[in-house]
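Engineer: Give me the fold of what follows.
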Amino acid sequence: MDRETHLWLIRHAPVDGPRGVIHAPDAPADLSGAAAFAALQAKLPRATYAVCSPARRTRETAARLGLTATEDDAFREQDFGDWTGRRHGEIEAELGAAAYRAFWNAPGTNKPPGGESFADQIARARTGLARLPAGDVVLVVHSGTIRAVLAIALELTPDPALRFVIDPLSLTRIDRLPNAWRVVAVNGR
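Structural biologist: From the prediction side, this is the model:
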């Protein structure tokens, strides 16, 4: 790679749905925060390459920001398999408190039934990053995807990377340099 890639990672708008649920890809975004969208849009580079995950909430957020984004499955949220669409409390009641806690003791490498681990998501994101061009690239994605890119940039194992807080409509800036990474900002407003 001869030139730098400047990644502008945006977490999608809040899900327009109940809290405490592991939302499916077709969950819609709450696009009502006009001031938040305007402030974020003002920070983005002009005439840029944009990518989003195939999830409805990322596509809607990208469109609301005025971006024409290409969908890329490499940047989708972690697949929670059989837990998708369910509330955390419901899963805990089904598994039992001890088994539920055991899963979350090592969430980076454990896989929900029928799903993938966060480590799997990191590998998927690495593949997607390798395809991105040099220059400014805006990614409208999920909190897990942004954590995965941070894990790659900072050479973190999966569990510590999950400690980053990534709020809806926040901006994380990371640069891919010819032989290194530079983290400019995380979870900015």
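
Engineer: which residues in the protein form strands?
Structural biologist: 5-11, 49-52, 70-71, 135-141, 171-176, 181-188 (DSSP state E).

Engineer: how about V138, what does it touch?
Structural biologist: W8, I10, L44, P45, T48, Y49, A50, V51, L67, A69 (C-beta atoms under 8 Å, 6 or more residues apart in numbering). Just so you know, the C-beta spots here come from the backbone N, C-alpha and C atoms, and that holds for glycine as well.

Engineer: What's opposite the closest residue to the second one other than its chain neighbours in the beta bridge?
Structural biologist: This means I10. Counting by C-beta to C-beta, 6 or more residues apart in numbering, V140 is the residue found nearest to I10 once chain neighbours are left out, at 4.9 Å. Listed by DSSP bridges, the beta-bridge partners for V140 are I10, C52.

Engineer: I'd like to know how many residues surround V140.
Structural biologist: 30 (other C-beta atoms under 10 Å).

Engineer: What segments of the protein are helices?
Structural biologist: Taking DSSP state H as the criterion, the chain contains helices spanning 34-43, 56-64, 88-95, 97-105, 118-131, 143-154, 158-161.

Engineer: Over to the most centrally placed residue in the chain: give its phi and psi.
Structural biologist: For the chain, the residue nearest the mean C-alpha position is H142 (2.4 Å; C-alpha atoms, centre = their mean). Main-chain dihedrals, H142, degrees, to the nearest 10: phi -110, psi 160.

Engineer: related to what we said a few turns ago, thought the residue nearest to I10 was touching A50?
Structural biologist: Yes - counting by C-beta atoms under 8 Å, V140 does reach A50; the two are 6.9 Å apart.

Engineer: what residues are shared contacts of those two?
Structural biologist: Counting by C-beta under 8 Å, 6+ apart, the contacts common to V140 and A50 are A62, L67, A69.
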